[in-house]
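Chemist: okay, predicted coordinates and the sequence, questions at the end:
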Amino acid sequence: MKIVVLVKEVPDTWGERRLDLETGLADRAASAPVLDEIDERAVEAALAHADAHPGTEVVVLTMAPASAAATVRKALAMGATSAVHVVDDGLRGADLLLTADVLAAAVRRTGFDLVIAGNLSTDGGGGVVPAMVAELLGVPQLTALSSLEVTDDAVSGERVSDAGTMRVSASLPAVVSVTEALPEGRFTTFKGIMAAKKKSYETLDAGELGVEVEDPAQARYIMLSVAERPPRAAGTTIVDEGDAGEKLAAFLVAEGVA
């Protein structure tokens with residue numbers, strides 16, 4: 001079985017994150033880049049299956065600047081078999097549609113039985129790329145899974161919603177996305193880090209995937225403006241002088257809540 005895991009380099013979740021007000025893109029210099037934690041869980045899910053089923057190939061796939069190579073190699077150090085890295089200056093600032101086009105083309109070129117992704121990145125937070133990739137590949141999708149089981153010909157898991165817990169399944173090939181409910185990624189070892197240096201690491205550009213970056217036939221999203229978040233204003237303080245209830249009710253009515 002070949003499992004392709006979609007991974008992404010993001011600014012450190014615990015560091016400062018801000019937008020570049022000139023480009024509207026995330027300011028990558030504001031915080032140290034890391035492998036997205038949700039993607040580490042996706043890699044771990046693939047590796048756990050590979051541990052139990054020798055011969056399983058785990059390929060990590062990313063679309064990122066060349067500088068992300070060190071971050072992607074962390075997934076190789078965890079135990080992934082190989083990596084595919086799409087590097088193209090024309091993809092800088094790509095929207096969700098273009099990103100899905102590129103990733104789907106790379107998955108198709110690589111070959112797959114199962115694609116695993118995180119359900120929501122910590123920088124963009126779009127939450128739709130796995131579903132869009134599945135649509136472009138023409139395969140079933142199981143999104144936002146809190147558990148994952150893979151057999152030779154099917155994948156299944158649980159999806160938690162406000163209405164309850166659903167048990168969902170699909171035949172392979174398929175695309176799934178997982179939530180933080182899955183186990184954390186395993187720690188890398190010195191042996192794993194050294195082994196990662198010798199593993200296959202393929203670099204491609206959009207042209208090699210047959211994707212036209214500026215295709216006039218494709219409707220793309222564009223950012224019209226960007227502005228710094230305004231400073232948080234002080235809230236309204238209600239002092240109880242025997243009429244706090246009335247003041248609170250009046251405040252809620254004025255805010256359109258009551």
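Modeler: Perfect, I can see it now.
Chemist: need the contact list for the closest residue to residue 153 other than its chain neighbours.
Modeler: Counting by C-beta to C-beta, 6 or more residues apart in numbering, residue 172 is the residue found nearest to residue 153 once chain neighbours are left out, at 5.6 Å. Backbone N, C-alpha and C define where each C-beta goes, glycine included. Contact criterion C-beta atoms under 8 Å, 6 or more residues apart in numbering gives 113, 114, 153, 154, 155 as the residues in contact with residue 172.
Chemist: the third one reaches residue 170, doesn't it?
Modeler: When you say that, I think you mean residue 153. No. In this structure, residue 153 is not within contact of residue 170 by C-beta atoms under 8 Å, at 10.3 Å.
Chemist: which parts of the chain are strands?
Modeler: In the chain, the strands defined using DSSP state E lie at 2-6, 9-11, 33-35, 57-63, 82-86, 114-118, 141-145, 149-150, 154-161, 164-171, 174-178, 201-204.
Chemist: residue 75: which of the ones you listed is closest?
Modeler: strand 57-63 (4.2 Å; C-beta to C-beta).
Chemist: extract the CA atoms of that closest one and return them as PDB.
Modeler: Coordinates of each C-alpha in strand 57-63 appear next as PDB, following Å, rounded to 0.1, in the frame of the first residue of the first chain:
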ATOM      1  CA  GLU A  57       5.200   3.000   1.600                       C
ATOM      2  CA  VAL A  58       4.600   6.400   3.300                       C
ATOM      3  CA  VAL A  59       5.300   9.400   1.100                       C
ATOM      4  CA  VAL A  60       5.100  13.000   2.500                       C
ATOM      5  CA  LEU A  61       4.000  15.700   0.000                       C
ATOM      6  CA  THR A  62       4.300  19.400   0.400                       C
ATOM      7  CA  MET A  63       3.900  22.600  -1.600                       C
END
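Chemist: packing partners of that strand?
Modeler: Counting contacts by 3 or more C-beta pairs under 8 Å, 6 or more residues apart in numbering; DSSP states H and E, strand 57-63 is packed against strand 2-6, helix 37-52, helix 69-78, strand 82-86, helix 96-110.
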